[in-house]
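J.: next input, structure requested:
(one chain, ligands or ions: 2)
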Amino acid sequence: MKVLLTTTSFQDTPGVHQDLLYSQGFKVDTLRGPILEEELLPIIQNYDAVICGDDEYTEAVIKKGVEGNLKFISKYGVGLDRIDLEAAKKYNVPVTNCPAVNQVSVSEHVLALLFTFERNIHLQYNSVQSGSWKRWIGHEIEGKTIGIIGLGAVGKELAKKADAIGMKVLGFDVFKDEEFLANNGRVNFVNSINDIYKDADVISLHLPHTPKTEHLISREVIFNKLKKQPILINTARGMLVDSLALIDGLKERKLRGYLTDVLSHEPMLEDEVLRGVDNIIITPHVGSRTYESVQRQGTMAVKNLIQLITKSS
Ligand SMILES: NC(=O)c1ccc[n+]([C@@H]2O[C@H](COP(=O)([O-])OP(=O)(O)OC[C@H]3O[C@@H](n4cnc5c(N)ncnc54)[C@H](O)[C@@H]3O)[C@@H](O)[C@H]2O)c1
Ligand SMILES: O=C(O)[C@H](O)COP(=O)(O)O
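T.: Numbering: from 1, shown residues only. Ligands and ions are numbered 1, 2, ... in the order given. Presented below is the predicted three-dimensional model:
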């Protein structure tokens, strides 16, 4: 079994996930992801399986893969938006992912971004480093309303944490998890996303990127629906937000800030429009990158692959 491993956090973090993978007798080749379609096309047919991150598994790549040896795709992570699932089905390549193992890390990252912004840590750090003692005034977070769009694994974990620090929590999802809401009585489920746009001081996105959710945060939303100059936090996917509308919205004070872990194009392009804009903080897709989460996620990705192999034999 020849396996292509492209996720850098898996490779760079020693732990139980690596022990499990390297005890299977696979021949493992590594590349530093994310890997683009044109880079995958010439090599993919050499592999029986891949453990991938946000690599471009287009129909062309999958087709090329199955003309050779490709049989299994194990995604390390949750979001499957870079894998053409229809094509995988068409060519009988099962795809697995790692749900509900990185929500602690990602929700902590959301709060880290929020605290950083509200207490100007990023500005004050740079200022002190340059020898200055300028002191900014920040904002408290307790008592503010957070609107969570997408109450899945990360959204729910964030809802609990936000409640614990005294925020009022609104949540919206296309699926209403009655059991979670019954067990977390202070999480207020709203039936219309517009209630979040209207009432939230902080909006955090936790839904997948699909054709339906692309540019969910549109010019129309930014200019006509946001009522409280919220801070927008995005640890889900860059394509959920219309970047140009967002920049205009920040200039017009429709939003107070944009704190994001994800961009529409990753790795960041040299001419990324969000770079250097006031009141934007960008981190390089590190929401789930903790030693704890990498080991959980990595172990699940390897176990998923072992299960796929066992099932097929
Ligand atoms: N920054 C990171 O490192 C990082 C880490 C994990 C996940 N992610 C991204 O965050 C997303 C959420 O992660 P998760 O683990 O919570 O996923 P999840 O699948 O557990 O939850 C996603 C939720 O979004 C809801 N949803 C789908 N479409 C919706 C819509 N149109 N409107 C409202 N709700 C909708 C689903 O019903 C589900 O409850 C993932 O899809 C992934 O893209 C990023
Ligand atoms: O989908 C996910 O789980 C996250 O985006 C993390 O993916 P990555 O670790 O491959 O960046």
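
J.: which residue packs closest to the residue of the chain found nearest ligand 1, ignoring adjacent ones?
T.: Per CB to the nearest ligand atom, residue 152 is where the chain lies closest to ligand 1, at 1.7 Å. Using the backbone N, CA and C atoms, a C-beta is placed for each residue, glycine as well. Leaving aside its chain neighbours, residue 152 sits nearest to residue 206 (6.2 Å; criterion: CB to CB, 6 or more residues apart in numbering).

J.: what's the answer for residue 59, then?
T.: According to CB to CB, 6+ apart, the nearest residue to residue 59 is residue 87 (3.7 Å).

J.: mind pulling the model confidence for that neighbour?
T.: Note on residue 87: pLDDT of 98.

J.: can you offset everything so residue one is 146?
T.: Done: numbering now begins at 146, and the last item shifts to residue 232.

J.: now for it: which residues touch it?
T.: For residue 232, the contact set (CB atoms under 8 Å, 6 or more residues apart in numbering) comprises 202-204, 207-208.

J.: which non-adjacent residue is nearest residue 355?
T.: residue 226 (7.0 Å).

J.: and for the one you found, the neighbour number?
T.: Residues near residue 226, counting by other CB atoms under 10 Å, number 17.

J.: that one reaches residue 354, doesn't it?
T.: Yes - counting by CB atoms under 8 Å, residue 226 does reach residue 354; the two are 4.3 Å apart.

J.: common neighbours of the two, please.
T.: With CB under 8 Å, 6+ apart, residue 226 and residue 354 have common neighbours 382, 384.

J.: secondary structure class for residue 184?
T.: Secondary structure, DSSP: H, G, I helix; E, B strand; the rest coil: residue 184 is helix.

J.: for it, which non-adjacent residue is closest in space?
T.: Residue nearest to residue 184 in three dimensions, not counting chain neighbours: residue 176, with 7.8 Å by CB to CB, 6+ apart.

J.: tell me the spacing between that neighbour and residue 434.
T.: Distance, residue 176 to residue 434, using CB to CB, to the nearest Å: 18 Å.

J.: residue contacts, the residue most central in space within the chain?
T.: The centroid of the chain falls nearest to residue 381 when counting by CA atoms, centre = their mean (3.5 Å). Neighbour list for residue 381: 224, 295, 299, 350-354, 407 [criterion: CB under 8 Å, 6+ apart].

J.: could you redo the last one with a cut-off of 10 Å?
T.: Neighbouring residues of residue 381 by CB atoms under 10 Å, 6 or more residues apart in numbering: 223-224, 226, 251, 294-295, 297, 299-300, 349-354, 358, 361, 405-407, 432.

J.: helices - which of these land there?
T.: Here DSSP state H is the test, and these give 251, 299-300 as lying in helices.

J.: any chance of a markdown table for those, columns pLDDT?
T.: Output for the ones in helices among the contacts of residue 381, formatted as a markdown table (pLDDT from 0 to 100):
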| residue | pLDDT |
| --- | --- |
| 251 | 98 |
| 299 | 98 |
| 300 | 98 |
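
J.: out of those, who has the most neighbours?
T.: Using other CB under 10 Å as the neighbour criterion, residue 299 leads the ones in helices among the contacts of residue 381 with 28 neighbours.

J.: in stretch 234-253, what counts as buried?
T.: For stretch 234-253, burial by neighbour count (16 or more other CB atoms under 10 Å) applies to 236, 238, 240-243, 246-253.

J.: apologies, that question was intended for stretch 169-189.
T.: Across stretch 169-189, burial judged by 16+ other CB under 10 Å covers 171, 173, 176, 178-180, 182, 184-186, 188-189.
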